[in-house]
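J.: pasting the sequence and the predicted model now:
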There are 2 protein chains.
Amino acid sequence: LIKKKVYSKKSEFQDILICDSFAYGRMLLLDGLTQVTEADEFIYHEMIVHVPLIIHKNPRKILIIGGGDGGALKQSLLHKSAEITVVEIDKEVPFLCQKYLPKICGQVFKNKRAKIIIGDGFKFIKECKQAFDIIIVDSCDPIGPAKKLFSQEFYQNVFQALKDDGLAVYQSGSLFAQCQEIKQIFFRNKKFFPFVNIYLLDVPSYGEGAYVFTLASKKINPLKVSLNQIRNKFNKISGKTKYYNPEVHLASFVLPQFIKEHLS
Amino acid sequence: LIKKKVYSKKSEFQDILICDSFAYGRMLLLDGLTQVTEADEFIYHEMIVHVPLIIHKNPRKILIIGGGDGGALKQSLLHKSAEITVVEIDKEVPFLCQKYLPKICGQVFKNKRAKIIIGDGFKFIKECKQAFDIIIVDSCDPIGPAKKLFSQEFYQNVFQALKDDGLAVYQSGSLFAQCQEIKQIFFRNKKFFPFVNIYLLDVPSYGEGAYVFTLASKKINPLKVSLNQIRNKFNKISGKTKYYNPEVHLASFVLPQFIKEHLS
(Lines give C-alpha, C1' and ligand atoms only; values in the text may rest on other atoms or scores of the structure.)
Protein backbone atom coordinates (compact mmCIF):
# COMPACT_ATOMS: atom_id res chain seq x y z
CA LEU A 1 0.00 0.00 0.00
CA ILE A 2 2.64 2.52 1.05
CA LYS A 3 5.29 3.37 -1.52
CA LYS A 4 7.46 5.83 0.36
CA LYS A 5 7.51 7.61 3.70
CA VAL A 6 7.77 11.38 3.10
CA TYR A 7 7.80 12.81 6.63
CA SER A 8 7.03 11.68 10.14
CA LYS A 9 6.94 13.45 13.48
CA LYS A 10 5.55 12.98 16.94
CA SER A 11 3.82 16.27 17.69
CA GLU A 12 2.52 17.44 21.07
CA PHE A 13 -0.78 15.71 20.28
CA GLN A 14 -0.25 12.80 17.91
CA ASP A 15 1.96 10.81 15.54
CA ILE A 16 1.97 12.52 12.18
CA LEU A 17 2.91 10.54 9.08
CA ILE A 18 2.92 11.77 5.49
CA CYS A 19 3.61 9.17 2.81
CA ASP A 20 3.13 8.32 -0.85
CA SER A 21 0.84 5.40 -1.58
CA PHE A 22 0.28 3.29 -4.70
CA ALA A 23 -3.48 3.71 -4.93
CA TYR A 24 -4.24 7.12 -3.42
CA GLY A 25 -1.24 9.37 -4.06
CA ARG A 26 0.16 11.30 -1.11
CA MET A 27 -1.63 10.85 2.19
CA LEU A 28 -1.73 12.04 5.80
CA LEU A 29 -2.05 9.61 8.72
CA LEU A 30 -2.56 10.62 12.37
CA ASP A 31 -1.83 8.00 15.03
CA GLY A 32 -1.72 5.41 12.25
CA LEU A 33 -5.17 6.19 10.80
CA THR A 34 -5.66 7.54 7.28
CA GLN A 35 -7.05 11.09 7.47
CA VAL A 36 -6.85 12.37 3.95
CA THR A 37 -5.42 11.32 0.58
CA GLU A 38 -4.84 13.30 -2.61
CA ALA A 39 -6.92 10.86 -4.64
CA ASP A 40 -10.19 10.93 -2.73
CA GLU A 41 -10.15 13.90 -0.32
CA PHE A 42 -12.65 15.66 -2.57
CA ILE A 43 -15.36 13.16 -1.59
CA TYR A 44 -15.05 13.73 2.16
CA HIS A 45 -14.62 17.49 1.92
CA GLU A 46 -17.32 18.21 -0.67
CA MET A 47 -19.81 16.21 1.37
CA ILE A 48 -18.95 17.64 4.80
CA VAL A 49 -19.17 21.22 3.46
CA HIS A 50 -21.71 21.53 0.66
CA VAL A 51 -24.51 19.53 2.29
CA PRO A 52 -24.91 21.86 5.33
CA LEU A 53 -23.95 25.06 3.50
CA ILE A 54 -26.49 24.41 0.74
CA ILE A 55 -29.24 23.49 3.23
CA HIS A 56 -28.69 26.81 5.05
CA LYS A 57 -30.24 29.80 3.28
CA ASN A 58 -27.28 32.16 3.48
CA PRO A 59 -24.29 30.84 5.43
CA ARG A 60 -21.97 33.68 6.39
CA LYS A 61 -20.19 32.62 9.56
CA ILE A 62 -18.61 29.18 9.34
CA LEU A 63 -16.57 27.45 12.04
CA ILE A 64 -14.42 24.42 11.24
CA ILE A 65 -13.11 22.47 14.23
CA GLY A 66 -10.12 20.40 13.21
CA GLY A 67 -9.69 20.43 9.45
CA GLY A 68 -6.01 21.32 9.62
CA ASP A 69 -5.45 19.78 6.21
CA GLY A 70 -7.34 22.70 4.63
CA GLY A 71 -9.67 20.53 2.55
CA ALA A 72 -12.91 21.61 4.26
CA LEU A 73 -11.75 25.23 4.16
CA LYS A 74 -11.11 24.98 0.41
CA GLN A 75 -14.65 23.75 -0.25
CA SER A 76 -16.17 26.34 2.12
CA LEU A 77 -14.47 29.14 0.19
CA LEU A 78 -16.51 28.17 -2.91
CA HIS A 79 -19.47 29.76 -1.09
CA LYS A 80 -18.83 33.41 -1.80
CA SER A 81 -20.58 34.86 1.23
CA ALA A 82 -18.77 32.61 3.71
CA GLU A 83 -16.22 33.78 6.27
CA ILE A 84 -14.49 30.80 7.77
CA THR A 85 -12.73 30.29 11.10
CA VAL A 86 -10.63 27.14 11.45
CA VAL A 87 -9.72 26.01 14.98
CA GLU A 88 -7.05 23.33 14.76
CA ILE A 89 -5.41 21.99 17.91
CA ASP A 90 -2.13 20.87 16.35
CA LYS A 91 -0.11 23.62 14.69
CA GLU A 92 2.01 21.03 12.88
CA VAL A 93 -0.92 19.78 10.79
CA PRO A 94 -1.65 22.95 8.75
CA PHE A 95 2.08 23.66 8.54
CA LEU A 96 2.92 20.19 7.19
CA CYS A 97 -0.11 19.98 4.91
CA GLN A 98 0.80 23.26 3.23
CA LYS A 99 4.33 21.98 2.76
CA TYR A 100 3.71 18.37 1.73
CA LEU A 101 0.09 18.19 0.57
CA PRO A 102 -0.35 21.37 -1.50
CA LYS A 103 -2.72 19.57 -3.89
CA ILE A 104 -5.25 19.41 -1.08
CA CYS A 105 -5.01 22.78 0.60
CA GLY A 106 -3.25 24.98 -1.95
CA GLN A 107 -3.07 28.56 -0.69
CA VAL A 108 -6.37 28.45 1.20
CA PHE A 109 -4.94 29.37 4.58
CA LYS A 110 -3.88 32.73 3.11
CA ASN A 111 -7.35 33.58 1.81
CA LYS A 112 -8.79 36.85 3.18
CA ARG A 113 -12.04 35.12 4.16
CA ALA A 114 -10.20 32.51 6.24
CA LYS A 115 -8.92 32.84 9.79
CA ILE A 116 -6.78 30.15 11.41
CA ILE A 117 -6.66 29.74 15.16
CA ILE A 118 -4.34 27.21 16.75
CA GLY A 119 -6.19 26.06 19.85
CA ASP A 120 -8.55 23.64 21.49
CA GLY A 121 -11.88 23.51 19.64
CA PHE A 122 -13.67 22.25 22.73
CA LYS A 123 -12.61 25.28 24.76
CA PHE A 124 -13.09 27.71 21.87
CA ILE A 125 -16.70 26.77 21.27
CA LYS A 126 -17.61 27.11 24.96
CA GLU A 127 -17.06 30.86 24.71
CA CYS A 128 -19.18 31.33 21.57
CA LYS A 129 -22.88 32.16 21.81
CA GLN A 130 -25.12 32.43 18.74
CA ALA A 131 -22.03 33.11 16.69
CA PHE A 132 -22.10 30.75 13.70
CA ASP A 133 -24.42 29.71 10.90
CA ILE A 134 -22.56 26.45 10.37
CA ILE A 135 -20.19 24.44 12.57
CA ILE A 136 -18.21 21.69 10.81
CA VAL A 137 -16.55 19.20 13.14
CA ASP A 138 -13.85 17.68 10.95
CA SER A 139 -12.15 15.74 13.72
CA CYS A 140 -10.34 12.45 14.19
CA ASP A 141 -12.04 9.39 15.64
CA PRO A 142 -13.02 9.52 19.35
CA ILE A 143 -9.62 8.50 20.69
CA GLY A 144 -6.83 10.78 21.91
CA PRO A 145 -7.27 14.56 21.63
CA ALA A 146 -10.58 14.31 19.76
CA LYS A 147 -12.41 12.28 22.42
CA LYS A 148 -14.13 15.22 24.10
CA LEU A 149 -15.51 16.32 20.71
CA PHE A 150 -17.92 13.37 21.03
CA SER A 151 -19.27 14.26 24.50
CA GLN A 152 -22.73 15.47 25.43
CA GLU A 153 -21.25 18.68 26.82
CA PHE A 154 -19.61 19.43 23.49
CA TYR A 155 -22.87 18.96 21.56
CA GLN A 156 -24.63 21.31 23.99
CA ASN A 157 -21.91 23.90 23.41
CA VAL A 158 -22.27 23.47 19.65
CA PHE A 159 -26.00 24.08 19.99
CA GLN A 160 -25.38 27.30 21.93
CA ALA A 161 -22.67 28.50 19.55
CA LEU A 162 -25.04 28.27 16.58
CA LYS A 163 -27.45 31.01 15.51
CA ASP A 164 -31.17 30.23 15.62
CA ASP A 165 -31.23 28.64 12.16
CA GLY A 166 -27.75 27.12 12.40
CA LEU A 167 -26.57 23.62 11.47
CA ALA A 168 -23.71 21.46 12.70
CA VAL A 169 -22.10 18.52 10.93
CA TYR A 170 -19.89 15.87 12.57
CA GLN A 171 -17.70 13.23 10.94
CA SER A 172 -19.07 10.11 12.55
CA GLY A 173 -17.12 7.08 11.35
CA SER A 174 -17.80 3.99 9.30
CA LEU A 175 -21.42 2.83 8.95
CA PHE A 176 -20.59 -0.82 9.35
CA ALA A 177 -17.61 -0.84 11.71
CA GLN A 178 -18.65 2.02 14.03
CA CYS A 179 -22.38 1.49 14.36
CA GLN A 180 -22.35 2.00 18.14
CA GLU A 181 -20.47 5.32 17.90
CA ILE A 182 -22.91 6.50 15.24
CA LYS A 183 -25.90 5.71 17.46
CA GLN A 184 -24.25 7.55 20.34
CA ILE A 185 -23.55 10.71 18.32
CA PHE A 186 -27.10 10.61 16.95
CA PHE A 187 -28.90 10.23 20.26
CA ARG A 188 -26.65 12.67 22.14
CA ASN A 189 -27.45 15.35 19.57
CA LYS A 190 -31.16 14.49 19.72
CA LYS A 191 -31.14 15.81 23.30
CA PHE A 192 -30.52 19.35 22.01
CA PHE A 193 -31.42 19.58 18.33
CA PRO A 194 -34.94 19.10 16.89
CA PHE A 195 -33.54 17.71 13.63
CA VAL A 196 -30.76 15.12 13.60
CA ASN A 197 -30.01 13.06 10.50
CA ILE A 198 -27.15 10.98 9.25
CA TYR A 199 -26.05 10.97 5.64
CA LEU A 200 -23.72 8.66 3.75
CA LEU A 201 -20.74 8.94 1.43
CA ASP A 202 -17.99 6.67 0.14
CA VAL A 203 -14.37 7.26 1.03
CA PRO A 204 -12.41 4.47 -0.73
CA SER A 205 -9.17 5.05 1.19
CA TYR A 206 -10.91 4.45 4.52
CA GLY A 207 -11.48 0.90 3.28
CA GLU A 208 -14.78 0.10 4.94
CA GLY A 209 -17.75 0.81 2.72
CA ALA A 210 -20.08 3.69 3.56
CA TYR A 211 -18.94 6.53 5.79
CA VAL A 212 -21.25 8.63 7.96
CA PHE A 213 -21.69 12.34 8.69
CA THR A 214 -24.26 13.47 11.26
CA LEU A 215 -26.21 16.66 10.61
CA ALA A 216 -27.84 18.51 13.54
CA SER A 217 -30.14 21.41 12.77
CA LYS A 218 -31.84 23.97 15.05
CA LYS A 219 -34.64 25.11 12.76
CA ILE A 220 -34.40 23.87 9.17
CA ASN A 221 -35.56 20.30 8.50
CA PRO A 222 -32.90 19.05 6.04
CA LEU A 223 -35.32 16.50 4.56
CA LYS A 224 -37.77 19.26 3.60
CA VAL A 225 -35.34 21.15 1.39
CA SER A 226 -36.43 20.49 -2.20
CA LEU A 227 -34.29 19.43 -5.15
CA ASN A 228 -35.04 22.78 -6.79
CA GLN A 229 -33.86 24.77 -3.76
CA ILE A 230 -30.69 22.67 -3.68
CA ARG A 231 -30.08 23.18 -7.40
CA ASN A 232 -30.51 26.94 -7.12
CA LYS A 233 -28.01 27.18 -4.28
CA PHE A 234 -25.59 24.77 -5.99
CA ASN A 235 -25.57 26.82 -9.20
CA LYS A 236 -24.25 29.79 -7.23
CA ILE A 237 -21.10 28.18 -5.85
CA SER A 238 -17.91 29.33 -7.52
CA GLY A 239 -16.35 26.08 -8.66
CA LYS A 240 -17.01 22.56 -9.89
CA THR A 241 -17.53 19.51 -7.73
CA LYS A 242 -16.41 15.98 -8.52
CA TYR A 243 -18.60 13.98 -6.12
CA TYR A 244 -21.37 16.26 -4.82
CA ASN A 245 -24.32 17.20 -6.98
CA PRO A 246 -27.91 18.04 -5.95
CA GLU A 247 -29.15 14.48 -6.58
CA VAL A 248 -26.28 12.97 -4.56
CA HIS A 249 -27.16 15.42 -1.77
CA LEU A 250 -30.69 14.02 -1.47
CA ALA A 251 -29.71 10.38 -2.05
CA SER A 252 -27.07 10.56 0.70
CA PHE A 253 -29.85 10.84 3.33
CA VAL A 254 -31.44 7.55 2.22
CA LEU A 255 -30.44 4.83 4.66
CA PRO A 256 -30.09 1.06 4.39
CA GLN A 257 -32.70 -0.85 6.34
CA PHE A 258 -30.44 -2.01 9.21
CA ILE A 259 -29.25 1.48 10.14
CA LYS A 260 -32.76 2.96 9.84
CA GLU A 261 -33.84 0.41 12.44
CA HIS A 262 -30.86 1.17 14.69
CA LEU A 263 -31.70 4.88 14.76
CA SER A 264 -35.46 4.62 15.20
CA LEU B 1 -7.65 -9.69 9.55
CA ILE B 2 -7.72 -13.50 9.28
CA LYS B 3 -8.15 -15.42 12.51
CA LYS B 4 -8.07 -19.01 11.28
CA LYS B 5 -7.85 -20.93 8.01
CA VAL B 6 -10.79 -23.35 7.80
CA TYR B 7 -10.26 -25.05 4.44
CA SER B 8 -8.23 -24.53 1.29
CA LYS B 9 -8.10 -26.33 -2.02
CA LYS B 10 -6.87 -25.76 -5.54
CA SER B 11 -9.85 -26.72 -7.70
CA GLU B 12 -9.84 -27.24 -11.48
CA PHE B 13 -10.56 -23.51 -11.88
CA GLN B 14 -9.21 -21.56 -8.92
CA ASP B 15 -7.68 -21.43 -5.45
CA ILE B 16 -10.46 -21.77 -2.91
CA LEU B 17 -9.91 -20.54 0.65
CA ILE B 18 -12.43 -20.52 3.48
CA CYS B 19 -11.36 -18.81 6.69
CA ASP B 20 -12.61 -17.11 9.83
CA SER B 21 -11.92 -13.38 10.10
CA PHE B 22 -12.05 -10.94 13.01
CA ALA B 23 -14.34 -8.36 11.45
CA TYR B 24 -16.55 -10.30 9.02
CA GLY B 25 -17.00 -13.82 10.42
CA ARG B 26 -16.42 -16.73 8.08
CA MET B 27 -15.49 -15.84 4.51
CA LEU B 28 -14.81 -17.32 1.07
CA LEU B 29 -11.87 -16.18 -1.05
CA LEU B 30 -11.23 -17.24 -4.66
CA ASP B 31 -7.73 -16.71 -6.06
CA GLY B 32 -7.01 -14.55 -3.02
CA LEU B 33 -9.94 -12.17 -3.49
CA THR B 34 -12.79 -11.87 -0.96
CA GLN B 35 -16.02 -13.12 -2.55
CA VAL B 36 -18.44 -13.32 0.31
CA THR B 37 -18.46 -12.97 4.11
CA GLU B 38 -21.07 -13.95 6.68
CA ALA B 39 -21.22 -10.40 8.05
CA ASP B 40 -22.03 -8.45 4.90
CA GLU B 41 -23.13 -10.90 2.18
CA PHE B 42 -26.70 -9.65 2.61
CA ILE B 43 -25.77 -6.29 1.11
CA TYR B 44 -24.36 -7.70 -2.11
CA HIS B 45 -27.03 -10.37 -2.55
CA GLU B 46 -30.07 -8.23 -1.69
CA MET B 47 -28.93 -5.56 -4.13
CA ILE B 48 -28.02 -7.88 -7.03
CA VAL B 49 -31.37 -9.70 -6.76
CA HIS B 50 -34.14 -7.38 -5.54
CA VAL B 51 -33.32 -4.39 -7.76
CA PRO B 52 -33.88 -6.26 -11.08
CA LEU B 53 -36.60 -8.58 -9.78
CA ILE B 54 -38.62 -5.67 -8.39
CA ILE B 55 -38.20 -3.61 -11.56
CA HIS B 56 -39.56 -6.52 -13.63
CA LYS B 57 -43.35 -6.88 -13.46
CA ASN B 58 -43.53 -10.60 -12.83
CA PRO B 59 -40.18 -12.41 -12.88
CA ARG B 60 -40.69 -16.16 -13.30
CA LYS B 61 -37.60 -17.51 -15.02
CA ILE B 62 -34.36 -16.44 -13.37
CA LEU B 63 -30.84 -17.44 -14.40
CA ILE B 64 -27.89 -16.94 -12.08
CA ILE B 65 -24.45 -17.34 -13.65
CA GLY B 66 -21.86 -18.04 -10.98
CA GLY B 67 -23.38 -17.56 -7.54
CA GLY B 68 -22.12 -20.89 -6.25
CA ASP B 69 -22.22 -19.56 -2.68
CA GLY B 70 -26.04 -19.66 -2.80
CA GLY B 71 -26.54 -16.10 -1.56
CA ALA B 72 -28.20 -14.76 -4.73
CA LEU B 73 -30.33 -17.90 -4.94
CA LYS B 74 -31.50 -17.38 -1.35
CA GLN B 75 -32.67 -13.82 -2.08
CA SER B 76 -34.29 -14.86 -5.39
CA LEU B 77 -36.38 -17.47 -3.59
CA LEU B 78 -38.07 -14.66 -1.60
CA HIS B 79 -39.90 -13.87 -4.86
CA LYS B 80 -42.61 -16.51 -4.76
CA SER B 81 -43.20 -16.80 -8.49
CA ALA B 82 -39.51 -17.26 -9.34
CA GLU B 83 -37.96 -20.46 -10.65
CA ILE B 84 -34.20 -20.18 -10.53
CA THR B 85 -31.45 -21.90 -12.51
CA VAL B 86 -27.91 -21.51 -11.17
CA VAL B 87 -25.04 -22.26 -13.57
CA GLU B 88 -21.81 -22.51 -11.60
CA ILE B 89 -18.58 -23.56 -13.29
CA ASP B 90 -16.82 -24.94 -10.22
CA LYS B 91 -18.59 -27.83 -8.48
CA GLU B 92 -16.42 -27.34 -5.41
CA VAL B 93 -17.91 -23.91 -4.62
CA PRO B 94 -21.53 -24.94 -3.88
CA PHE B 95 -20.30 -28.11 -2.18
CA LEU B 96 -17.91 -26.25 0.13
CA CYS B 97 -20.30 -23.35 0.80
CA GLN B 98 -23.02 -25.74 1.94
CA LYS B 99 -20.52 -27.45 4.19
CA TYR B 100 -18.62 -24.47 5.62
CA LEU B 101 -20.83 -21.41 5.03
CA PRO B 102 -24.32 -22.65 5.93
CA LYS B 103 -25.25 -19.21 7.34
CA ILE B 104 -25.11 -17.86 3.80
CA CYS B 105 -26.74 -20.56 1.71
CA GLY B 106 -28.64 -22.69 4.19
CA GLN B 107 -30.64 -25.37 2.40
CA VAL B 108 -31.38 -23.27 -0.68
CA PHE B 109 -29.83 -25.65 -3.18
CA LYS B 110 -32.42 -28.26 -2.19
CA ASN B 111 -35.38 -25.93 -2.81
CA LYS B 112 -37.90 -27.23 -5.37
CA ARG B 113 -37.81 -23.93 -7.28
CA ALA B 114 -34.02 -24.10 -7.66
CA LYS B 115 -32.03 -26.05 -10.25
CA ILE B 116 -28.25 -26.27 -10.08
CA ILE B 117 -26.20 -26.95 -13.18
CA ILE B 118 -22.45 -27.40 -12.96
CA GLY B 119 -21.15 -26.00 -16.20
CA ASP B 120 -19.78 -23.08 -18.18
CA GLY B 121 -22.18 -20.13 -18.02
CA PHE B 122 -20.74 -18.66 -21.21
CA LYS B 123 -21.56 -21.83 -23.19
CA PHE B 124 -24.88 -22.35 -21.43
CA ILE B 125 -26.26 -18.97 -22.32
CA LYS B 126 -25.32 -19.31 -25.98
CA GLU B 127 -27.93 -22.05 -26.37
CA CYS B 128 -30.74 -20.08 -24.68
CA LYS B 129 -33.10 -17.92 -26.74
CA GLN B 130 -35.82 -15.75 -25.13
CA ALA B 131 -35.68 -18.04 -22.13
CA PHE B 132 -35.31 -15.81 -19.05
CA ASP B 133 -36.95 -12.81 -17.44
CA ILE B 134 -33.85 -12.01 -15.42
CA ILE B 135 -30.18 -12.97 -15.81
CA ILE B 136 -27.95 -12.32 -12.80
CA VAL B 137 -24.22 -12.48 -13.51
CA ASP B 138 -22.74 -13.06 -10.06
CA SER B 139 -19.22 -13.69 -11.28
CA CYS B 140 -15.66 -13.07 -10.15
CA ASP B 141 -13.60 -10.20 -11.51
CA PRO B 142 -12.50 -10.36 -15.17
CA ILE B 143 -9.45 -12.53 -14.58
CA GLY B 144 -9.19 -16.31 -14.89
CA PRO B 145 -12.33 -18.32 -15.68
CA ALA B 146 -14.65 -15.28 -15.48
CA LYS B 147 -12.85 -13.23 -18.17
CA LYS B 148 -15.15 -14.18 -21.05
CA LEU B 149 -18.16 -13.10 -18.97
CA PHE B 150 -17.04 -9.53 -19.66
CA SER B 151 -16.83 -9.87 -23.49
CA GLN B 152 -19.05 -8.27 -26.09
CA GLU B 153 -20.05 -11.72 -27.35
CA PHE B 154 -21.28 -12.65 -23.89
CA TYR B 155 -23.43 -9.53 -23.59
CA GLN B 156 -24.97 -10.24 -27.00
CA ASN B 157 -25.79 -13.77 -25.85
CA VAL B 158 -27.33 -12.40 -22.64
CA PHE B 159 -29.49 -10.09 -24.76
CA GLN B 160 -30.70 -13.01 -26.87
CA ALA B 161 -31.29 -15.26 -23.86
CA LEU B 162 -33.66 -12.71 -22.32
CA LYS B 163 -37.36 -12.41 -23.06
CA ASP B 164 -38.59 -9.18 -24.67
CA ASP B 165 -38.99 -7.37 -21.34
CA GLY B 166 -36.01 -9.04 -19.65
CA LEU B 167 -33.26 -7.49 -17.56
CA ALA B 168 -29.67 -8.51 -16.84
CA VAL B 169 -27.48 -7.46 -13.93
CA TYR B 170 -23.70 -7.77 -13.77
CA GLN B 171 -21.38 -7.39 -10.80
CA SER B 172 -19.00 -4.72 -12.12
CA GLY B 173 -16.33 -3.99 -9.55
CA SER B 174 -15.30 -1.07 -7.38
CA LEU B 175 -16.40 2.42 -8.42
CA PHE B 176 -13.11 4.04 -7.61
CA ALA B 177 -10.54 1.31 -8.32
CA GLN B 178 -12.13 -0.25 -11.42
CA CYS B 179 -13.47 2.78 -13.25
CA GLN B 180 -12.14 1.60 -16.63
CA GLU B 181 -13.75 -1.85 -16.32
CA ILE B 182 -17.05 -0.20 -15.36
CA LYS B 183 -16.94 2.02 -18.45
CA GLN B 184 -16.21 -1.01 -20.63
CA ILE B 185 -19.10 -3.07 -19.26
CA PHE B 186 -21.41 -0.07 -19.62
CA PHE B 187 -20.56 0.77 -23.23
CA ARG B 188 -20.40 -2.87 -24.39
CA ASN B 189 -23.94 -3.40 -23.11
CA LYS B 190 -25.09 -0.14 -24.72
CA LYS B 191 -24.44 -1.79 -28.12
CA PHE B 192 -27.34 -4.19 -27.48
CA PHE B 193 -29.61 -2.85 -24.75
CA PRO B 194 -31.66 0.38 -24.97
CA PHE B 195 -31.40 0.95 -21.21
CA VAL B 196 -28.09 0.53 -19.37
CA ASN B 197 -27.57 1.97 -15.89
CA ILE B 198 -25.17 1.43 -13.08
CA TYR B 199 -26.24 1.42 -9.46
CA LEU B 200 -24.22 1.57 -6.26
CA LEU B 201 -23.97 -0.28 -2.99
CA ASP B 202 -21.50 -0.60 -0.14
CA VAL B 203 -19.72 -3.86 0.60
CA PRO B 204 -17.48 -3.15 3.62
CA SER B 205 -15.43 -6.36 3.29
CA TYR B 206 -14.36 -5.41 -0.26
CA GLY B 207 -12.57 -2.49 1.35
CA GLU B 208 -12.86 0.11 -1.40
CA GLY B 209 -15.87 2.37 -0.96
CA ALA B 210 -18.80 2.09 -3.37
CA TYR B 211 -19.33 -1.06 -5.41
CA VAL B 212 -21.07 -1.16 -8.80
CA PHE B 213 -23.71 -3.35 -10.44
CA THR B 214 -24.67 -2.73 -14.08
CA LEU B 215 -28.31 -3.16 -15.09
CA ALA B 216 -29.16 -3.76 -18.77
CA SER B 217 -32.82 -3.74 -19.78
CA LYS B 218 -34.54 -4.60 -23.07
CA LYS B 219 -37.81 -2.72 -22.60
CA ILE B 220 -38.38 -1.34 -19.09
CA ASN B 221 -36.62 1.93 -18.24
CA PRO B 222 -35.46 1.30 -14.64
CA LEU B 223 -35.46 5.03 -13.90
CA LYS B 224 -39.17 5.31 -14.78
CA VAL B 225 -40.34 2.81 -12.19
CA SER B 226 -42.00 4.82 -9.42
CA LEU B 227 -41.49 4.57 -5.68
CA ASN B 228 -45.08 3.35 -5.34
CA GLN B 229 -44.60 0.55 -7.85
CA ILE B 230 -41.41 -0.49 -6.05
CA ARG B 231 -43.16 -0.43 -2.67
CA ASN B 232 -46.03 -2.57 -3.93
CA LYS B 233 -43.69 -5.20 -5.32
CA PHE B 234 -41.48 -5.09 -2.24
CA ASN B 235 -44.41 -5.70 0.09
CA LYS B 236 -45.06 -9.01 -1.68
CA ILE B 237 -41.69 -10.64 -1.10
CA SER B 238 -41.69 -13.35 1.52
CA GLY B 239 -39.02 -12.19 3.91
CA LYS B 240 -37.29 -9.19 5.46
CA THR B 241 -34.31 -7.34 4.04
CA LYS B 242 -31.49 -5.76 6.01
CA TYR B 243 -30.02 -3.39 3.40
CA TYR B 244 -32.50 -3.08 0.53
CA ASN B 245 -35.64 -0.99 0.85
CA PRO B 246 -37.62 0.91 -1.81
CA GLU B 247 -35.88 4.22 -1.04
CA VAL B 248 -32.43 2.60 -1.16
CA HIS B 249 -33.43 1.08 -4.51
CA LEU B 250 -34.01 4.52 -6.05
CA ALA B 251 -31.08 6.22 -4.32
CA SER B 252 -28.67 3.54 -5.55
CA PHE B 253 -29.07 4.84 -9.12
CA VAL B 254 -27.94 8.36 -8.15
CA LEU B 255 -24.33 8.80 -9.22
CA PRO B 256 -21.48 10.99 -7.99
CA GLN B 257 -20.50 13.69 -10.44
CA PHE B 258 -17.23 12.11 -11.65
CA ILE B 259 -18.79 8.80 -12.68
CA LYS B 260 -21.77 10.53 -14.33
CA GLU B 261 -19.27 12.38 -16.50
CA HIS B 262 -17.32 9.19 -17.28
CA LEU B 263 -20.46 7.44 -18.54
CA SER B 264 -21.96 10.31 -20.56
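T.: On my side now, so go ahead.
J.: buried sites along the helix or strand hosting A:Lys115?
T.: Using DSSP states H and E, A:Lys115 sits in strand A:114-118. For strand A:114-118, the neighbour count (16 or more other Cβ atoms under 10 Å in any protein chain shown) marks A:Ala114, A:Ile116 as buried. For the C-beta atoms, the positions are set from N, CA and C on the backbone; glycine is no exception.
J.: and if you look at stretch A:242-255?
T.: Buried residues in stretch A:242-255, counted by 16+ other Cβ under 10 Å: A:243-255.
J.: and it, how far out from the chain middle?
T.: 16 Å (Cα atoms, centre = their mean, to the nearest Å).
J.: again with stretch A:228-240
T.: The chain centre lies 19 Å from the centre of stretch A:228-240; the measure is Cα atoms, centre = their mean.
J.: all helices of the stretch 101-250 of chain A, in order?
T.: For the stretch 101-250 of chain A, the helices defined by DSSP state H, counting those that start in this stretch cover A:102-105, A:121-126, A:152-161, A:179-190, A:227-234, A:246-251.
J.: now do the strand holding A:Lys115: everything it contacts.
T.: Here strand A:114-118 makes contact (Cβ atoms under 8 Å, 6 or more residues apart in numbering or on different chains) with A:73, A:77, A:83-91, A:94, A:108-109, A:124.
J.: from those, pick the one nearest chain B.
T.: A:Leu77 (18.7 Å; Cβ to the nearest Cβ).
J.: I'd assumed A:Val108 was in contact with the closest one.
T.: Yes: applying Cβ atoms under 8 Å, one finds A:Leu77 in contact with A:Val108, separated by 6.2 Å.
J.: which ones are touching the residue of the stretch 51-200 of chain A found nearest chain B?
T.: At 4.1 Å from chain B, A:Phe176 is the closest residue in the stretch 51-200 of chain A, using Cβ to the nearest Cβ. With contact set as Cβ under 8 Å, 6+ apart, A:Phe176 has these partners: A:Glu208, A:Gly209, A:Ala210, B:Ala39, B:Asp40, B:Asp202, B:Pro204.
J.: CSV for the helices of the stretch 101-250 of chain A, including mean pLDDT and distance to A:Ile16?
T.: Shown next, in CSV, are these (pLDDT from 0 to 100; distance: least, Cβ to Cβ, whole Å):
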stretch, mean pLDDT, distance to A:Ile16
helix A:102-105, 93, 15
helix A:121-126, 96, 18
helix A:152-161, 97, 24
helix A:179-190, 95, 23
helix A:227-234, 97, 35
helix A:246-251, 98, 32
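J.: closest one to A:Gly68 among these?
T.: helix A:102-105 (9.0 Å; Cβ to Cβ).
J.: up against chain B, what does the stretch 101-250 of chain A have?
T.: The stretch 101-250 of chain A comes close to chain B at residues A:174-177, A:200, A:202-204, A:206-210, A:240-245, A:247-248, A:250, as judged by Cβ under 8 Å from any Cβ of the partner chain.
J.: from those residues, which land in strands?
T.: A:Ser174, A:Leu200, A:Asp202, A:Ala210 (DSSP state E).
J.: list the buried residues for stretch A:72-90?
T.: Neighbour counts using 16+ other Cβ under 10 Å place A:72-79, A:82-90 of stretch A:72-90 among the buried residues.
J.: same question for stretch A:150-162.
T.: Neighbour counts over stretch A:150-162 (16+ other Cβ under 10 Å) mark A:Phe150, A:Phe154, A:Tyr155, A:Gln156, A:Asn157, A:Val158, A:Phe159, A:Ala161, A:Leu162 as buried.
J.: now do the strand or helix carrying A:Val87: everything it contacts.
T.: In the assignment (DSSP H and E), A:Val87 maps to strand A:83-88. Under the criterion Cβ under 8 Å, 6+ apart, residues A:60-68, A:72-73, A:76-77, A:94, A:109, A:113-121, A:124-125 lie in contact with strand A:83-88.
J.: same deal with stretch A:16-26?
T.: A:1-10, A:27-30, A:32, A:37-40, A:90, A:92-93, A:96, A:100-101, A:103, A:204-205, B:177.
J.: and A:Phe176, how far from B:Val51?
T.: Look at A:Phe176 and B:Val51: by Cβ to Cβ, to the nearest Å, they are 20 Å apart.
J.: before we move on, what about A:Lys129?
T.: Distance from A:Lys129 to B:Val51, counting by Cβ to Cβ: 49 Å.
J.: more crowded one of these two?
T.: Shown here are A:Lys129 and B:Val51; by other Cβ atoms under 10 Å in any protein chain shown, B:Val51 has more neighbours (25 against 10).
J.: that one reaches B:Ala168, doesn't it?
T.: No: applying Cβ under 8 Å, one finds B:Val51 not in contact with B:Ala168, separated by 11.7 Å.
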